[in-house]
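>>> Sequence plus predicted model, see below.
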Amino acid sequence: MTIEELKKHKRILIVGYGVEGKATEAFLKKHCPDLLIGIADKKDGEDYLSKQKDYDLAIKSPGIHPRFLNIPYTTGTNIFMSNYRGKTIGITGTKGKSTTTTLIYNMMKKAGKDAYLGGNIGEPMIDLLDKLNDHSWSVLELSSFQLQDIEKSPNIAVFLMITPEHLDYHSDEREYLEAKRNILRFQTKDDFAIVNRDYPASNESDVMTEGKVYYISRERETDNSCYAFGDSIWLRKGEKAEEIIKLKDVLLLGKHNRENVCAAVMAASLAGVKKEDIVAVLTSFTGLEHRLEYVGEQYGIRFYNDSLATVPTAAIEAVEAFDGQVETLIAGGYDRGNDYAQMGEYLVKSSVRNLILFPPTGERIWEAVVEAGGEKMFTHHDVNSMAEAVLLASEETTAGKICLLSPAAASFGIFKDYKDRGNAFKQEVRKLGLA
């Protein structure tokens, strides 16, 4: 919805008054000063949505499902996509979004581009609008919540790995996947799509776009792609494949990060970033906070914080990243209906032998381990605080081995969010050194 279209309304209700809601309010006051603006937030009480009857348009925050609205609505994402200047790179997927988005942004900045970071990380998209010019690049991490309602897709759309998540919000896996696919759905023939070939749901999504399709893979060589092959990352456009960097020189841990690296290389290359600037970032970027983050060593035990791992697949990849060194896994948390059978089967075959589990999904993880025949293979503890979890980890983990927080579940309940959970873990690990 353009600014001029917003001005045609008289009474607009902002639904959800978090960071994005507050940014939307400031934007409207600046650009549409004659509007009457109302606020509806959960903190106002259970009937907060009853205010809708007094307004002719709602602007909803990403976490509010459209089924709760009974008046016309738009979103901050749609307002941005209707009013931005320059070009956009949008990144979505179940896991890897933040890492890939940050890599692309860093590559763009290294190349001297007028680049901005927004969406799920960086600034609210609507805050970027007044900063952009015709030469700007907006690099946007986009969730299924933000994509569910969009009417225009990014100029370069990056579609990473997809596994079921947010099933407490989306009615089923199909709705989740279709929301993600909107990042491709509205592209034109002048746009570019970058699709992960290694996951069926992602690979099959290439039919959704009219844009020029490029692929990424950590498993196979393919045309018009960036891929990991042998001991290097390669970029192929047309007939010629160019070696970008040796895998040993990439600082990010884990084989799963090869997908993110390939996606970033492909996107940056399509945006005109030179190889030397791409390599400079890959040889210096060590990762995001709360994603395979090294916390420190206590009593000879190395502690890693992977609080961003909120689905089973991410936790499995985290354990794999350390090549048999993880002896203790702290996991569990809020139940979003994920299937833990594969994780149970994996843990039985892994190096992990101590499981420290938070409710309620901790119980489901343990049931999956038992079902896989691992009941007698593990030391198993149920905990309700991070202090208890870390203390047990210090007692159970062998010196020289790794204790990994990789929850395979969301954080809500005991913790405010994944950052709160990760920070609590780091705080308790540091306390061990003071004991």
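Received it, and whenever you're ready, just let me know what you need.

>>> where exactly do the strands run in the stretch 51-200 of the chain?
With strands called from DSSP state E, counting those that start in this stretch, the stretch 51-200 of the chain shows them at 57-60, 73-75, 87-92, 115-119, 137-141, 156-159, 192-196.

>>> quick one: which of those strands is nearest A424?
A424 sits nearest to strand 137-141 of all the strands of the stretch 51-200 of the chain, at 24.0 Å, using C-beta to C-beta. Bear in mind the C-beta positions are built from the backbone N, C-alpha and C, glycine included.

>>> Roughly how far does the residue nearest to K274 when sequence neighbours are not counted sit from I89?
Distances taken as C-beta to C-beta, 6 or more residues apart in numbering put A111 closest to K274, at 6.4 Å, once the chain neighbours are dropped. Using C-beta to C-beta, to the nearest Å, A111 is found at 13 Å from I89.

>>> So for those two, which sits in the more crowded spot?
Just comparing A111 and I89: by other C-beta atoms under 10 Å the higher neighbour count belongs to I89, 26 against 19.

>>> Just list the residues touching L282, thanks.
With contacts defined as C-beta atoms under 8 Å, 6 or more residues apart in numbering, L282 is in contact with 103, 233, 244-245, 249-252, 261, 265.

>>> Repeat the analysis, applying 7 Å as the threshold.
245, 250, 261 (C-beta atoms under 7 Å, 6 or more residues apart in numbering).

>>> where in the stretch 101-250 of the chain is pLDDT low?
Residue ranges of the stretch 101-250 of the chain with pLDDT under 70: 164-171.

>>> Helices of that one, residue ranges please.
125-128, 144-147, 173-185, 200-203 (DSSP state H, counting those that start in this stretch).

>>> Surely L391 forms part of a strand?
No. Assigned with DSSP: H, G, I helix; E, B strand; the rest coil, L391 falls outside any strand and is helix.

>>> Wait, a strand at K419?
No. Assessed with three-state DSSP, K419 is helix; it does not lie in a strand.

>>> From I402, how far off is K349?
Taking C-beta to C-beta as the measure, K349 and I402 are separated by 17 Å.

>>> Which parts of the stretch 251-400 of the chain are strands?
Using DSSP E, counting those that start in this stretch, the strands of the stretch 251-400 of the chain run over 293-298, 301-305, 326-332, 354-358, 379-382.

>>> If you count contacts, what does the longest one end up packed against?
Packed against strand 326-332, as judged by 3 or more C-beta pairs under 7 Å, 6 or more residues apart in numbering; DSSP states H and E, are the following elements: helix 312-320, strand 354-358, helix 361-371, helix 386-396, strand 402-405.

>>> can you check the fourth one too?
Under the contact definition 3+ C-beta pairs under 7 Å, 6+ apart, strand 354-358 sits against strand 326-332, helix 361-371, strand 379-382, helix 386-396.

>>> now the second one
Contact partners of strand 301-305 among helices and strands, from 3+ C-beta pairs under 7 Å, 6+ apart: strand 293-298, strand 402-405, helix 418-432.

>>> circling back: got the contact list for the residue nearest to K274?
Contacts of A111 (C-beta under 7 Å, 6+ apart): 273-274, 277.

>>> Among the residues you listed, name the ones in helices.
Residues of these located in helices (DSSP state H): D277.

>>> quick one on the thing from earlier: more crowded one of K349 and I402?
A side-by-side neighbour count of K349 and I402, using other C-beta under 10 Å, places I402 first with 22 against 10.

>>> Isn't the more buried one up against F322?
Yes. Under the criterion of C-beta atoms under 7 Å, I402 is in contact with F322, at a separation of 5.6 Å.

>>> Now do the buried residues in stretch 417-430.
Neighbour-count burial for stretch 417-430, counted by 16 or more other C-beta atoms under 10 Å, picks out 418, 421-426, 428-429.

>>> Show me which of the residues you listed is closest to D206.
Distances from D206 to the buried residues of stretch 417-430, taken by C-beta to C-beta, are shortest for Y418, at 30.6 Å.

>>> Could you verify my assumption that that closest one touches S411?
Yes. Between Y418 and S411 there is a contact under C-beta under 7 Å: 4.9 Å.

>>> so what sits against both of those two?
By C-beta under 7 Å, 6+ apart, no residue touches both Y418 and S411.

>>> that older thread, please tell me which one of the contacts of L282 counts the most neighbours.
V261 leads the contacts of L282 on contacts (other C-beta under 10 Å) with 27 neighbours.

>>> what does the domain assignment say about this structure?
Domains of the chain are assigned by automatic domain parsing as 3-77, 84-282, 293-432.
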